[in-house]
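Engineer: following is a predicted model, sequence given first.
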Amino acid sequence: MNEDAKIYLAGHRGLVGSAILRSLQIKGYTNIITRTHAELDLLNQDAVHSFFTTEKPGYVFLAAAKVGGIGANSTYPVEFLYLNTLIGFNVVHAAYTAGVKKLMNLGSTCIYPKMAEQPIKEESLLTGLLEPTNDAYALAKISVIKLCTAYNKQYGTNYLSVMPTNLYGIGDNYDLENSHVLPAMIRKFHEAKVSGVNQVVLWGDGSPLREFLYSDDLADAVVYLMEQKNAGDIHHSAGDFINIGSGQELTIKELAETVRSVVYAQELAMGNTSPDRVCHITWDSSKPNGTPRKLCDVSRLSTLGFTPKIGLCEGITKAYTDFLNEDYCK
């Protein structure tokens, strides 16, 4: 992409989209098109096609989606399946009819089977049953991935899909009803701290293993791939998509302890108390754990020349600072 290339970024206000916007701006791209939901309803096929016909972007980042944690996915499967499929299909088809040069579709590693061999390779797609707590979202994302691959195969387009691991970072969603695990922990520990309650209750038993990636690292990866690589560079037997992650994992229990150490950093720095005394963690095993383990195989990404830069503790500290600055509890 040239610095004046016309780029449409769908979902620029979300965690992923806002990080991509920052990355593009830092790299000097000046012709970035964004639209709020009020300005362009991606569920409206006619409106999407009219937008693409009028604006004629050369490059597209599809980061718009309805997202949420285990609770939201379990409660609202219709919305997660229907809305995400519709958004993806409308944007991908409009990109084709408008002659977009290159499209980057943001997916999720929840597309992989619940019991996939670890670390999860891209070829694991559709080799087993999905995790029931987020299968609706996963099916929507799988459909859009397959649509992108189908366009590449039938029409010679250049559409890439990326599968990010669990993400967190600046501008995250801290609503306890529909947030993901890491931002939910940040809010819970923060609220316990300011209220003086010395206990936080978390879902499950803390045993599942998870991988986390700071959103700005993801953004740098997808911009790098858009600049440097084509669908053919990442094509394999399962399609034109690639995992993006840190390649490192930890238990949810270890994650909780890390978040607690960041939120209570001042208190713990005094050295006269233990982490358990500043805030005890209680596990509610009546709540679901989700997938037992989910670690991406990121060897393809590494081979293509990209490595994440921000470690977990540093990233959580940045996220918590952003949480405090924006006062997300309001």
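Structural biologist: Right, received. Where do you want to start? Just so it is clear, the model here is predicted, and its values are computed rather than measured.

Engineer: report the secondary structure state of L167.
Structural biologist: strand (DSSP: H, G, I helix; E, B strand; the rest coil).

Engineer: can you pull the contacts of it?
Structural biologist: Taking CB atoms under 8 Å, 6 or more residues apart in numbering, we find L167 in contact with 15-16, 180, 212-215, 218. Every C-beta, even on glycine, is put in place using the N, C-alpha and C of the backbone.

Engineer: ok, D175 to I145 distance?
Structural biologist: 27 Å (CB to CB, to the nearest Å).

Engineer: wait, F306
Structural biologist: 20 Å.

Engineer: ok so, going back, which ones among the contacts of L167 are found in helices?
Structural biologist: 15-16, 215, 218 (DSSP state H).

Engineer: what's the closest of those to E122?
Structural biologist: Set against E122, the nearest of the ones in helices among the contacts of L167 by CB to CB is L218 (16.6 Å).

Engineer: beta partners of the nearest residue to the closest one once chain neighbours are set aside?
Structural biologist: Leaving aside its chain neighbours, L218 sits nearest to P164 (5.1 Å; criterion: CB to CB, 6 or more residues apart in numbering). Listed beta-bridge partners, P164: I244 (assigned using DSSP bridges).

Engineer: thinking again about what came up before, ok, F306 and I145, which is more surrounded?
Structural biologist: Neighbours per residue, other CB atoms under 10 Å: of F306 and I145, the larger number sits with I145, 25 against 19.

Engineer: now do the strands in the stretch 51-200 of the chain.
Structural biologist: Counting by DSSP state E, counting those that start in this stretch, the stretch 51-200 of the chain has strands at residues 59-62, 102-106, 159-164, 166-168, 199-203.

Engineer: quick one, which of those strands is nearest to I70?
Structural biologist: Closest among those, using CB to CB: strand 199-203, at 7.2 Å.

Engineer: just checking, next helix/strand downstream of that closest one?
Structural biologist: strand 209-210 (DSSP states H and E).

Engineer: avg pLDDT for that following strand?
Structural biologist: Summarised as a single mean, pLDDT over strand 209-210 is 94.
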